[in-house]
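Trainee: got a predicted structure plus its sequence, pasted below:
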Amino acid sequence: MERFGKITGEPAGPRETQVTQPMEKQPNPPQPWDRLKRNPVAMAGLLIVGVVVLAAVLAPWAAPYDPVEQFPEGLSSEGRPFGPTARFWLGTDLLGRDLFSRLLYGARVSLLVGVVANGAALAIGTLLGGMAGYFKGWAGSVFMRFTDMMMAFPALLLAIALSAILRPSLWIVALVIALVNWVWIARVVYSQMLALSAREFVEAARAIGVPTGRLLARHLLPHLLPTLLVWGTLGISTTVLFEAALSFLGVGVRPPTPSWGGIINESQSYFLDAPWLVAAPGMAILLTSLAFNLVGDGLRDALDPQMRGR
Amino acid sequence: MVTYLLVRLGQALLVLFGIVLMTFLLAFILPADPARMIAGQSATAETVQRIRHELGLDQPLAVQFSRYLGQVARGNLGRSYAQKVDVAALLRSRFPATVELMVAGIVFELLIGLPAGILAAVRRDTWLDRGVMVGAFLGVSAPQFAVGLLLLYLVAFRLSLLPLGGYGSLAHLILPALTLGIAGGGWYARVMRSTMVEVLGQDFVRTARAKGLPPAQVVGRHALKNAVLPIVTMVGLDFGTFMGGVVVVESVFGWPGIGQLAWQAIQIVDIPVILGVVIFSALAIVTGNLLADLTYPWLDPKIRYQ
Amino acid sequence: MRRLLGILLALMLLLPAAGLSQGARGAVVIAFKDDISTLDPAIGYDWQNWSIIKSLFDGLMDYEPGTTTLVPHLAESYTISSDGRTYTFKIRRGVTFANGREVTAADFKYSLERTLNPKTQSPGAGFFGGIRGAKAFQDGKAKEVTGIRVVDPQTLQITLDEPNAAFLHTMAINFSHVVPKEEVEKAGADFGHKPVGTGAFRLKEWVLGQRLVLERNPDYFLKDRPRAAEIVIQVGVEPSVALLRFQRGEVDILGDGIPPARFVQVIKDPKLKGLVVTGEQLHTGYVTINTQVKPFTDVRVRRAINMAIDKTKIVRIINNRATPATQVLPPRMPGYDRAYKGYAYNPAGARRLLAEAGYRNGFSTVLYANNTDPNPRIAQAIQADLRRIGVRVELKTQAQSTVIEAGGTKGKAPLIWSGGMAWIADYPDPNNFYWPILSCAARGPGSWNWAWYCNQRAEQMAKAADAMVRADQAGARAERFQAMYRVVMADAPWIPIFNERRYTMRSARLSGPTAIFVDPIHIPVHYDEVGLK
């Protein structure tokens, strides 16, 4: 599986002794954007993201055919799919459907699952990690042991079991991925929260009696935002890969809904005969995942100048 | 040190207990009946009921769970429903293949990632650096199953250089390990680069440079030594991620390892096997992390345990 | 760093170089993808171990190689009482187990009771439930099965509650094969991995996850069998890899058949196509229509969706490796109705019939299918066909265990595509397609009657046919079943989709008639009959 948790690419110290970079600057919106604009690699990523989003939104108009239409002329008399032709630009799949149209619609699944699953994982991770980090003590200990357990559980097996139990649909797949992925985000938020809540301005706010809820929402959350933004972007990349892997194993989004991983799953046994059925969706997954990684990486540089060049 | 070890071991046991409990719950609510799977197509409802009773599946969850725990405590992982073999024997027969794959995968990760990372750090902020980093992201962003299938198509089928999947010789190992290595190499390159950048900026390296040591020696002798730490952590973590993730690569290459075993067991609700695999891989993950933590003081005397 | 790499490299060199040990050149080599599970005849019940067990053990009856003709095997002869309830078997003298002890009637009684004993967890216990006293024994009310009587060491008598024309078939299936009590007790739960039987082969070596080697039993009671000295069964070999090894001459038989992806190339390849062997199986792939779920309670709706499926198209999706099916029974089964044409493909007619039933605008329903290729594709083709007559189908492609569970749950699964799960006959008798999967007797929670179908008239017809036990009644009995299946098809509880054909390959160095490579009972080959040139 792709590795969750190494997303930041930062060296991790021993778990309990990890020290997070304190952020000295208050977030300052216009500056990061300018820095991002000057990063050609990140801008290239942003461009690809734009194209994928456009493909997903415009699929009904841009796709030459209905993605689930099985054309009798899309298969040879022996049941073999066709490579790229004038009629079917990227060729047909094993049921005689137009691969190009399926790829366009597949972008919807990937993006939707990516955004929803990662959003949910962010929400759960921030809530639990933030609480545990703020209250520390036994809440922190319970949190650490529980996340230890989640991290030691083979992620893909957990996801497979969950999707066997729950009613399979696009939203459930997103939920399953979120349930598996939130831990890593929670750990990061937790350690940041630990560092933050020891800072003077928090002590001061507590001393003058600012209510806990308000302190969390007004004063602490804004400090977490840059981290969450970076993780939110990078995480989409991992989520897209995870969804594809689940679909590839046949436990993801149900057919005939076109999903990139699902197309590869269906074509797997024929890949020697029809490699384009693996190459085209594989490329789509690669580009999408790459784009979000590049943007996320650029965002991190832009939001945290201290990390620049590291 | 001893106290620290004991605390860590206690935590590990707690984690394992939680994992067994969770797996048990998952298996219990799975909408499938193992007795039916054992009984096969022509069995009457009566036969199924009898098998269910013999397996103790008609007992309440708590009874089944405590029975299982007692069994595991005595070192018995039970028998596979489908294959009628000790789960321990099954794991033993599958384990070597997975370990081979993991070790070879890590070797590839290091071979790809470390040189790339060092190169990027030394030529920092050049186009070479940028190119390597985009390349690293490409590796990280590539879906493993597609990479595996395409490697099979190009290297094994078109060029006939290596076997078309399967298990056996060292030649069989190359493509699946490379598939793992491509994704992992990207991470290693990134980590290596950032650590090296940091180390190269430190005083003792500057001093060494000032003394006129050749750059290769500065990097090789001084900088690299200090960059090992995060890499060791990552290798430790990798045993974990690989354990959870080899399912995909094993399924693409027909590699007879633990992942394939787990996948088959899930399909037919062979609960003892599922539990065995989960316990086993959790154990590997916990051990991997523990070992990584324990190696720190050996590598860097500045770190002490709290 | 260098130290770390050194350690890793050293580790790699220490790894066992597995797979280098191929079988001896005098051996027939077969490659499978999946592991072989147990070889205990009372327990083994998958297509892979089924024929291996048959070569390690023997039953009272067997089939002539390559056919479905039943002949006495360890029984020398048998007689049937005039009421058709009592069978008396004369047991062949001088047959010995691999441990040297001679087989007697008591061994058969022990073996049958072992299969019936709930402690054994035999999936085949149900086949022998019709023997007098079996129920009482299973419920623990009796110490033995009264209907199985050892008259003398060479005579075994079995009495049934009801006459059953298929009974002799159950004496040929693995679950009634004879095992030595002393060895079973010695091995305990491991008997399936240390099998001791009377068969043509003995287990020589079994390396879990790698290979299994059978060697010739020099004391086998049929003097010129087996023809091969050794059979090497390799496991963990992907079908595409197996084909490559076959082409290099390292493998003689493709256990899993020709891989779908290479199929078209293979049958076009001038060098390879001569080695392809084709045969019919006793298989029907079908969609069950749950007769208890609306709107399928209406026979017109069931008939309509029967007419909506373009079976030729579905057959093309699996590269024409099957023939479209019209009825329940496969063509090689006695009782197959050549004259019966079934529901022809007619979407317009289907739409009319739906309108007549009050579903002018169609309806929504759910189709379950196994999630292994090609089943999700076939399910999608069915979905697309039904869409054309206005039936909106939601697909649920799941692990087979989940689908089987849904099928056996009352009112749960409206439609199920049976591919990857059902149905290959346990024995070549037409009643095997009725009693477990279509009968009133089977219908209930957890059964394989996924259509939840029950027609008392068909049930009576099947019972009457099963009472015709004399050999000279076989033709008439087959006709009775033909009539019975016509009644079933009029009710349309299934959409029969296709009968799969088996395509396999045998290397040029193998000898033996073609029929043994597509034996309807022994898959992928009749091990006793295959030899080297």
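Mentor: Cool, the structure landed.

Trainee: how about the closest residue to chain A within the stretch 401-533 of chain C, nearest residue that isn't a chain neighbour?
Mentor: Per Cβ to the nearest Cβ, the residue of the stretch 401-533 of chain C with the smallest distance to chain A is residue C:402, at 6.1 Å. Every C-beta, even on glycine, is put in place using the N, C-alpha and C of the backbone. Among residues not flanking residue C:402 along the chain, residue B:32 sits closest, at 4.9 Å (Cβ to Cβ, 6 or more residues apart in numbering or on different chains).

Trainee: which residues does that neighbour contact?
Mentor: A:164, B:269, C:399, C:401-402, C:404-405 (Cβ atoms under 8 Å, 6 or more residues apart in numbering or on different chains).

Trainee: only whichever of the residues you listed are buried, select them in PyMOL.
Mentor: Burial among these is assessed by 16 or more other Cβ atoms under 10 Å in any protein chain shown; the matching PyMOL selection reads:
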select buried, (chain A and resi 164) or (chain B and resi 269) or (chain C and resi 399+401+402+404+405)
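
Trainee: so, low pLDDT: which residues of chain C?
Mentor: C:1-25 (pLDDT under 70).

Trainee: where is the longest helix in it?
Mentor: Taking DSSP state H as the criterion, chain C has its longest helix at helix C:474-491.

Trainee: ok, the closest residue to chain C within chain B to residue C:32 distance?
Mentor: Using Cβ to the nearest Cβ, the single residue of chain B nearest to chain C is residue B:168, 2.7 Å away. According to Cβ to Cβ, to the nearest Å, residue B:168 and residue C:32 sit 15 Å apart.

Trainee: likewise residue A:177?
Mentor: 35 Å.

Trainee: looking at those two, which has the bigger crowd around it?
Mentor: For residue A:177 and residue C:32, the more surrounded residue by other Cβ atoms under 10 Å in any protein chain shown is residue A:177, and the numbers stand at 30 against 21.

Trainee: residue contacts, the more buried one?
Mentor: Residue A:177 neighbours (Cβ under 8 Å, 6+ apart): A:113, A:117, A:121, A:159, A:239, A:242-243, A:246.

Trainee: go again using 6 Å as the cut-off
Mentor: A:117, A:239, A:242 (Cβ atoms under 6 Å, 6 or more residues apart in numbering or on different chains).

Trainee: who are the packing partners of the helix or strand hosting the first one?
Mentor: Counting by DSSP states H and E, the element that carries residue A:117 is helix A:99-135. Here helix A:99-135 touches helix A:40-62, helix A:137-152, helix A:170-197, helix A:221-248, going by 3 or more Cβ pairs under 6 Å, 6 or more residues apart in numbering or on different chains; DSSP states H and E.

Trainee: repeat that for 8 Å
Mentor: When contacts are defined as 3 or more Cβ pairs under 8 Å, 6 or more residues apart in numbering or on different chains; DSSP states H and E, helix A:99-135 sits against helix A:40-62, helix A:137-152, helix A:170-197, helix A:221-248, helix A:260-267, helix A:276-303.

Trainee: looking only at pLDDT, what's the mean for the fifth one?
Mentor: Spelled out, that is helix A:260-267. Across helix A:260-267, pLDDT averages out at 88.

Trainee: contacting residues around that helix?
Mentor: Applying Cβ under 8 Å, 6+ apart, the external contacts of helix A:260-267 come out as A:93-95, A:99, A:102-103, A:106, A:109-110, A:243-250, A:252-253, A:255, A:274, A:277-278, A:280-282, A:284-285, B:143, B:145-146, B:149, C:373, C:376-377.

Trainee: output the set of residues of the stretch 151-300 of chain B in proximity to chain A.
Mentor: Taking Cβ under 8 Å from any Cβ of the partner chain as the contact definition, the stretch 151-300 of chain B meets chain A at B:152-153, B:157, B:183-184, B:187, B:190-191, B:194-195, B:197-198, B:229-230, B:233-234, B:237-238, B:240-241, B:243-245, B:247-248, B:251-252, B:262-263, B:266, B:274, B:277-278, B:281-282, B:285-286, B:289, B:293, B:296.

Trainee: pretty sure residue C:66 is touching residue C:528, no?
Mentor: No. Using Cβ atoms under 8 Å, residue C:66 makes no contact with residue C:528, being 11.4 Å away.

Trainee: quick one: the helices in the stretch 101-250 of chain C?
Mentor: C:105-116, C:134-138, C:167-170, C:181-187, C:239-247 (DSSP state H, counting those that start in this stretch).

Trainee: one step back: which stretch of helix or strand covers the residue of chain B closest to chain C?
Mentor: Here residue B:168 is covered by no helix or strand, with elements defined by DSSP H and E.

Trainee: residue C:71 in helix, strand or coil?
Mentor: State at residue C:71, reduced to three classes by DSSP: H, G, I helix; E, B strand; the rest coil: strand.

Trainee: before we move on, which element is the residue of the stretch 401-533 of chain C closest to chain A in?
Mentor: Here residue C:402 is assigned to helix C:400-407, by DSSP H and E.

Trainee: for that helix, packing partners?
Mentor: Applying 3+ Cβ pairs under 8 Å, 6+ apart, we find helix C:400-407 packed against helix B:34-39, strand C:363-370, strand C:391-398, strand C:415-417.

Trainee: deepest of these, which one?
Mentor: strand C:415-417 (a mean of 27; mean count of other Cβ atoms under 10 Å in any protein chain shown).

Trainee: run the chain-centre distance for stretch C:55-62.
Mentor: 16 Å (Cα atoms, centre = their mean, to the nearest Å).

Trainee: ugh, typo on my part, it should be stretch C:65-80
Mentor: On Cα atoms, centre = their mean, the centre of stretch C:65-80 falls 20 Å from the chain's centre.

Trainee: pull the CA atoms of it into CSV?
Mentor: Output in CSV follows, covering the C-alpha atoms of stretch C:65-80 (Å, rounded to 0.1, in the frame of the first residue of the first chain):
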residue,chain,number,x,y,z
PRO,C,65,-12.6,-43.4,-17.3
GLY,C,66,-13.6,-40.5,-19.4
THR,C,67,-17.3,-41.3,-19.1
THR,C,68,-20.2,-41.1,-16.7
THR,C,69,-20.9,-44.8,-16.8
LEU,C,70,-21.2,-46.3,-13.3
VAL,C,71,-19.3,-49.6,-12.7
PRO,C,72,-18.5,-51.7,-9.6
HIS,C,73,-15.0,-50.9,-8.3
LEU,C,74,-14.0,-52.2,-4.8
ALA,C,75,-17.4,-54.0,-5.0
GLU,C,76,-17.1,-57.1,-7.1
SER,C,77,-20.8,-57.1,-7.7
TYR,C,78,-24.0,-55.9,-6.1
THR,C,79,-27.7,-56.8,-5.9
ILE,C,80,-30.7,-54.6,-5.3
